[in-house]
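Peer 1: Just to be clear, the model below is a prediction. Sequence and coordinates:
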Amino acid sequence: MKINYLLLMGTILGLFASIPSHLRAEQVVKIDGSSTVYPITEAVAEEFQKATGTKVTVGMSGTGGGFKKFARGETDVQDASRPIQEEEVKAAKEGGIEYLELPIAYDALTVVVNAKNDWMETIKVSELKKIWEPEAQGKITKWSQIRPEWPDKEIKLYGAGSDSGTFDYFTEAINGRSKASRGDYTASEDDNVLVQGVEGDRYALGYMGFSYYAAHKKRLKALGIEWDAKGKSTVKPSEETVLAGTYNPLSRPLFIYVNVKSLEKPEVKKFVEFYLAQVETLAKEVKYIPLPGDAYGKVKARFEKREKGTAFLHQSDLAVPIGEILNRAPVP
Amino acid sequence: MPASQNLRKQEARASRRRSIDRWFGRIGFLVTLGTLGVLAILLLNLAASGLTRIDWQFLLSFPSRRPAEAGILSAWVGTILLMMVTASVAVPLGVAAGIYLEEYAPKNKWTDFVEINISNLAGVPSILYGLMALGLFVYQFRFGQSILAGGLALACLVLPIVIVATREALRTIPASIREAAFALGATRWQAVWHHLLPYSTGGIATGVILAMSRAIGESAPLITIGALTFIAFLPPAPILAHAPFISFDWLFSPFTALPIQMFNWVSRPGEEFQSNAAAAGLFLMLITLSMNGAAILLRRHAQRNIKW
């Protein structure tokens, strides 16, 4: 009896063990990474699957979490809302992964206030810094502390949670150092929470991805940004200003990273080609801002030539227009 | 006169005690009402924004960037398959462990230690089970980011609930039943199989309901092991048209689940995605309710056969 049970168990386990190898042969394009890039990739995946019937899966484990899987060779394509970082480059090298870095669209970080806020249309970068820098914690609590003519009311702050790429990018652009921020504000990784917060409080100020502002335009007011340090004129976030490169440094490029080895699989190669061909239309549809005119040509050329590596190492690129970045040769 | 005075005192005390009793009843009623009220508000809130969204198209479509075309097909299929794996692992293992600890295990420090730790496990944050499953099932056993790995992770998560419920259920059976069985020459196993288990089915079923209701709403451990968000195809069918007719391929399929799909929609810009999320939430509650309903029916049926 006992031996029979053991045999049965063995057979069942054997059956299980024999299956994965057979599944691996199936054609699936595996993608994971940033939740900011997710809506664009989802749109492309949806269309690609309709057009070709090839199976595509998209995960949402964040830029950092996704790069870990990418470096182990578990995914073919990685969504990223920021350039690859040094440690991730190292991890990819250790995992024997070579990659292409392909910018695909823009996101504009938008500074918003309540629709009933009638005392301001614009804000200076230095004022944003004064509000958001770590030293402001507990000290800058009223609007009037920023400009005397603004109301003597408590300023309610809403911003990205520390796990999000939005937080990394905003803190680096405004406070000069990634992740340096005051902590006494309502933080959420979910931008909808921020929308609701700012929407419901006349004295609120917050920042979020452009697509969230775009979906709630009637109930929020986007502030123009005065680039005092550079002597530029005030710029409001919009497709035009982002494209012109004038909304820098609060506009950020979004990327996909492609595992070069995966491109040997015809379905992955087809998918990336499809991505680059369709992303301009699809990004607009999901409220992101496509790259300027000739940039996609350059991205496609980088893909065709298989120019491996990243163009971002050891450099701060916050105010560099995308065209310039694409002219740089990537370093593996 | 002292006797009647005494009596009056007694009566006053009795009426005070009765009024405390009445008041406790009232407060208890209000608390229950409050809890149900919160549940009702939650349901109404979900229904208000999600009910109009539930239709065949919603149930039979894959996720999409267009909220009106999006659906939850891959999500609810994933959830049901996960629950099948979870139940078929957690219930037998949990019940067996419960029986062993309650009926077989000697009472010593070692079993005390095991007991305390099982209760502790019930309080471990679910994401830790996800991390464990990622290391053990996904990488060590090479199950991959599959339904099997997800189901096993959830099974580990709810195992303590099943064990504790089983033990509680066994404990409520009078010792006389066991003694009678032993007196008639039954072995421990015969006593368990013919008497204790049938009589405790009700309690065990309640534990299983609680366990499954917890597992079905979890998303953190599933995201940790690598459940997906966009997946527009179904796992392979478990039944084939040709020999050997049964296939376990679906166990190794990538998957998503309802809570993950909801999480994704809730964090998207735009109202339409919010009502999609509410609709998915309603459907998730519907699955939970029907699962629990089935378990309650089963319990009724089991209790009908109890002859004492």
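Peer 2: Now that the structure is in, tell me what you want to look at.
Peer 1: low-confidence ranges in the stretch 151-300 of chain B?
Peer 2: Where the stretch 151-300 of chain B drops to pLDDT under 70, the residues are B:243.
Peer 1: repeat that with 80
Peer 2: B:226-229, B:237-247, B:270-271, B:298-299 (pLDDT under 80).
Peer 1: any idea which element B:G71 lies in?
Peer 2: For B:G71, there is no helix or strand it lies in under DSSP states H and E.
Peer 1: Not counting sequence-adjacent ones, nearest residue to it?
Peer 2: Distance criterion C-beta to C-beta, 6 or more residues apart in numbering or on different chains; nearest residue to B:G71, sequence neighbours excluded, is B:S61 at 2.6 Å. Where C-beta positions appear, they are placed from N, C-alpha and C, glycine not excepted.
Peer 1: That neighbour: what secondary structure?
Peer 2: coil (DSSP: H, G, I helix; E, B strand; the rest coil).
Peer 1: and it, what is it in contact with?
Peer 2: B:E69, B:A70, B:G71, B:I72, B:L73 (C-beta atoms under 8 Å, 6 or more residues apart in numbering or on different chains).
Peer 1: Now the buried members of the residues you listed.
Peer 2: B:A70, B:G71, B:I72, B:L73 (16 or more other C-beta atoms under 10 Å in any protein chain shown).
Peer 1: Tell me the spacing between A:T241 and A:L250.
Peer 2: A:T241 sits 10 Å away from A:L250, going by C-beta to C-beta, to the nearest Å.
Peer 1: more neighbours, these two?
Peer 2: A:L250 (26 against 19; other C-beta atoms under 10 Å in any protein chain shown).
Peer 1: who are the neighbours in contact with the more buried one?
Peer 2: A:A108, A:L109, A:T110, A:V111, A:F170, A:A173, A:I225, A:P237.
Peer 1: In contact with the residue sitting nearest the centre point of chain B: list those residues for me.
Peer 2: Nearest to the mean C-alpha position of chain B, by C-alpha atoms, centre = their mean, lies B:M212 at 2.0 Å. Contact analysis of B:M212 by C-beta under 8 Å, 6+ apart lists B:M83, B:T86, B:A87, B:V158, B:T288, B:M291, B:N292, B:A295.
Peer 1: That one should be in a helix, yeah?
Peer 2: Yes: using three-state DSSP, the assignment for B:M212 is a helix.
Peer 1: which residue ranges form the strands in the stretch 201-308 of chain B?
Peer 2: B:230-231 (DSSP state E, counting those that start in this stretch).
Peer 1: Residues of the stretch 151-300 of chain B that sit close to chain A?
Peer 2: B:223, B:226-233, B:248-249, B:251-254, B:264, B:266-271, B:274 (C-beta under 8 Å from any C-beta of the partner chain).
Peer 1: Helices - which of the residues you listed land there?
Peer 2: B:I223, B:N264, B:V266, B:E271, B:Q274 (DSSP state H).
Peer 1: Taking the residues you listed, tell me the two that lie furthest apart.
Peer 2: Taking C-beta to C-beta, the two most distant members of those are B:I223 and B:E271; they sit 24.9 Å apart.
Peer 1: These two: which is more packed in?
Peer 2: Counted by other C-beta under 10 Å, B:I223 and B:E271 do not tie: B:I223 has more neighbours, with 24 against 11.
Peer 1: Contacts only, for the more buried one.
Peer 2: Here B:I223 is in contact with A:M60, A:S61, B:G130, B:I260 (C-beta under 8 Å, 6+ apart).
Peer 1: Which pLDDT value goes with A:A222?
Peer 2: In this model, A:A222 is scored at 89, pLDDT.
Peer 1: Can you report phi and psi for it?
Peer 2: phi -90, psi 130 (degrees, to the nearest 10).
Peer 1: Show me the beta-bridge partners of it.
Peer 2: A:V112 (DSSP bridges).
Peer 1: ok, it - contacts?
Peer 2: A:A222 touches A:T110, A:V111, A:V112, A:Y213, A:K236, A:P237, counting by C-beta under 8 Å, 6+ apart.
Peer 1: So the fifth one sits against A:G224, correct?
Peer 2: Yes: in this structure, A:K236 sits in contact with A:G224. The criterion is C-beta atoms under 8 Å, and the distance is 4.3 Å.
Peer 1: Mind giving me the packing neighbours of the biggest helix by length in chain B?
Peer 2: Of all segments of type helix in chain B, defined using DSSP H, the longest is helix B:2-50. When contacts are defined as 3 or more C-beta pairs under 8 Å, 6 or more residues apart in numbering or on different chains; DSSP states H and E, helix B:2-50 packs onto helix B:271-304.
Peer 1: Going by neighbour count, list what's buried in the helix it packs on.
Peer 2: Buried residues in helix B:271-304 (16+ other C-beta under 10 Å): B:272-285, B:287-288, B:291-292, B:295, B:299, B:302.
Peer 1: How about stretch B:167-187?
Peer 2: Applying 16+ other C-beta under 10 Å to stretch B:167-187 flags B:R167, B:E168, B:A169, B:L170, B:I173, B:R178, B:A181, B:A186 as buried.
Peer 1: how distant is it from the center of its chain?
Peer 2: With C-alpha atoms, centre = their mean, to the nearest Å as the basis, stretch B:167-187 stands 28 Å off its chain's centre.
Peer 1: State the pLDDT value of the residue nearest the centre of chain A.
Peer 2: Nearest to the geometric centre of chain A sits A:S81, at 2.3 Å (C-alpha atoms, centre = their mean). A:S81 is assigned a pLDDT of 86 by the prediction.
Peer 1: Relative to chain B, how far out is the closest residue to A:R82 other than its chain neighbours?
Peer 2: In space, A:R82 comes closest to A:G165 once its chain neighbours are excluded; the distance is 5.1 Å by C-beta to C-beta, 6+ apart. Remark: distance between A:G165 and chain B (C-beta to the nearest C-beta, to the nearest Å) = 14 Å.
Peer 1: And A:G165, how far from A:D107?
Peer 2: 9 Å.
Peer 1: got any residues that touch both of the two?
Peer 2: A:T36, A:S81.
Peer 1: Tell me which of the two has more neighbours.
Peer 2: Applying other C-beta under 10 Å to A:G165 and A:D107 shows that A:D107 carries more neighbours, namely 26 against 23.
Peer 1: Residue of the stretch 101-250 of chain B nearest chain A, please.
Peer 2: B:F230 (3.7 Å; C-beta to the nearest C-beta).
Peer 1: Report the secondary structure state of A:V29.
Peer 2: strand.
Peer 1: how many neighbours does it have?
Peer 2: 26.
Peer 1: Quick check: what element follows the helix or strand harbouring B:I161 along the chain?
Peer 2: In this assignment (DSSP H and E), B:I161 forms part of helix B:147-171. Next helix or strand after helix B:147-171 toward the C-terminus (DSSP H and E): helix B:175-183.
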